[in-house]
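> Sharing a model that was predicted from the sequence below.
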2 protein chains.
Amino acid sequence: MGPTSLASAANPAIDDAHALMRGAARLLFDLGVNAIPEFTLPCGRRADLAGLGPKGEILIVEVKSGIADFRADRKWPDYFDWCDRFFFAVSDRFPHEVLPGQTGLIVADAFGAGIVRESPVQPLAPARRKALTLRFGRHAAERLMRSL
Amino acid sequence: MGPTSLASAANPAIDDAHALMRGAARLLFDLGVNAIPEFTLPCGRRADLAGLGPKGEILIVEVKSGIADFRADRKWPDYFDWCDRFFFAVSDRFPHEVLPGQTGLIVADAFGAGIVRESPVQPLAPARRKALTLRFGRHAAERLMRSL
């Protein structure tokens, strides 16, 4: 699949964020990390993708559809407070060098993705992990119920 | 809605377990408990409905479509090990008096339900609650992902 097939219908210069999100979610799933889209954090920010691993590890993936999308978001470091590992997910036409090095990097298309750079691990404090895991479970169940 | 409209298409003498499950899930949702169907427990048994409350409380609801269904299930006390509160959910044509008194009782139809008898509370040990909450979140996310 060429990068152009990822182009957003509204603006071909940027990528379809939803397609990238799906590709990244499939990657996480293959890695044993079960992810949900649009997870609202206690701080009020919404993570594009939040994943829960088999040992309770929490990942956040922020999808960027283009450089403008990345540059407009000055608050992405806030995510570090709410996960063990943080990744940006972009397409292969995104200039990876503009992304900060202390984050993980996922390159995705609509059908899958690969980890290009692992994220550093900053383990959550136990009380916060507990609260986030509960929030994650309740959020996923609510979303599932609405979809049934 | 009369009880007959709950009758299973395959056998009008018994109730549609899926409809009862949906009614019970809506009740839990209204009570702030987010529930998922068919939650497999670490012991291998599958709970018809498992719910996660705002403070992390875990509920299990076992749906019974008729007396035969209840009598065939000799292992329902096993559920006590995996939740803080346990309920049977039945229709209003189910003879409630055959159900054991030390359990909660939900009377449901396809559109909603009511708690007829509260369940005793037997709090889970912290380590088990933690493991079940993680399992719940991962299970709900997996189910949600498959439904998206």
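Nice, I can see it. Residues are numbered from 1 along each chain as shown, chains lettered A, B, ... in the order given.

> Residue for residue, what is the longest helix chain A has?
Longest helix of chain A, by residue count under DSSP state H: helix A:126-147.

> hmm, who's touching that one?
Residues outside helix A:126-147 that contact it (Cβ atoms under 8 Å, 6 or more residues apart in numbering or on different chains): A:36, A:39-42, A:50, A:52, A:56, A:58, A:82, A:124, B:25, B:29, B:34-36, B:51-52, B:54, B:56, B:130, B:133-134, B:136-137, B:140-141, B:143-144, B:147-148. (C-beta placed from N, C-alpha, C; glycine too.)

> what residues does chain A put near chain B?
Contact residues, chain A versus chain B (Cβ under 8 Å from any Cβ of the partner chain): A:22, A:25, A:29, A:34-37, A:51-52, A:54, A:56, A:130, A:133-134, A:136-145, A:147-148.

> which among the residues you listed end up buried?
A:22, A:25, A:29, A:34-37, A:51-52, A:56, A:130, A:133-134, A:136-145 (16 or more other Cβ atoms under 10 Å in any protein chain shown).

> Could you check how far A:Phe111 is from chain B?
14 Å (Cβ to the nearest Cβ, to the nearest Å).

> ok, that residue - how many residues close by?
Neighbour count for A:Phe111, taken as other Cβ atoms under 10 Å in any protein chain shown: 10.

> Which of the helices or strands spans the closest residue to it other than its chain neighbours?
Using Cβ to Cβ, 6 or more residues apart in numbering or on different chains and skipping the chain neighbours, the partner closest in space to A:Phe111 is A:Gly23 (6.0 Å). Assigned by DSSP states H and E, A:Gly23 belongs to helix A:17-30.

> Now do that helix: which elements does it pack against?
Counting contacts by 3 or more Cβ pairs under 8 Å, 6 or more residues apart in numbering or on different chains; DSSP states H and E, helix A:17-30 packs against strand A:34-40, strand A:46-52, strand A:58-63, strand A:85-90, strand A:104-108, strand A:113-117, helix B:126-147.

> Save those as CSV, and put in distance to B:Gly66 and mean pLDDT too.
Below are those laid out as CSV (distance: least, Cβ to Cβ, whole Å; pLDDT from 0 to 100):
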stretch, distance to B:Gly66, mean pLDDT
strand A:34-40, 35, 97
strand A:46-52, 37, 97
strand A:58-63, 43, 98
strand A:85-90, 49, 97
strand A:104-108, 49, 97
strand A:113-117, 48, 97
helix B:126-147, 27, 95
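
> closest one to B:Ser119 among these?
helix B:126-147 (16.3 Å; Cβ to Cβ).

> Next, report how far that closest one is displaced from the centre of its chain.
Helix B:126-147 has its average C-alpha position 16 Å from the chain's average C-alpha position, going by Cα atoms, centre = their mean, to the nearest Å.

> do you know how far the spatially most central residue of chain A is from B:Pro95?
Computing the C-alpha centroid of chain A and ranking residues by Cα atoms, centre = their mean puts A:Val61 first, at 1.7 Å. A:Val61 sits 52 Å away from B:Pro95, going by Cβ to Cβ, to the nearest Å.

> what's the answer for A:Ser147, then?
Taking Cβ to Cβ as the measure, A:Ser147 falls 35 Å from B:Pro95.

> can you check A:Pro126 too?
47 Å.

> same question, A:Arg129
From A:Arg129 to B:Pro95 the distance is 46 Å (Cβ to Cβ).

> more neighbours, these two?
A:Arg129 (19 against 10).

> which residues touch A:Asp84?
A:Asp84 neighbours (Cβ under 8 Å, 6+ apart): A:Glu57, A:Ile58, A:Leu59, A:Val121, A:Gln122, A:Pro123, A:Leu124.

> Now render those residues as TSV, adding neighbour count and distance to B:Ala9.
What follows is the contacts of A:Asp84, written out as TSV (neighbours: other Cβ atoms under 10 Å in any protein chain shown; distance: Cβ to Cβ, whole Å):
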residue	neighbour count	distance to B:Ala9
A:Glu57	17	44
A:Ile58	24	43
A:Leu59	22	43
A:Val121	11	52
A:Gln122	12	54
A:Pro123	12	52
A:Leu124	18	48
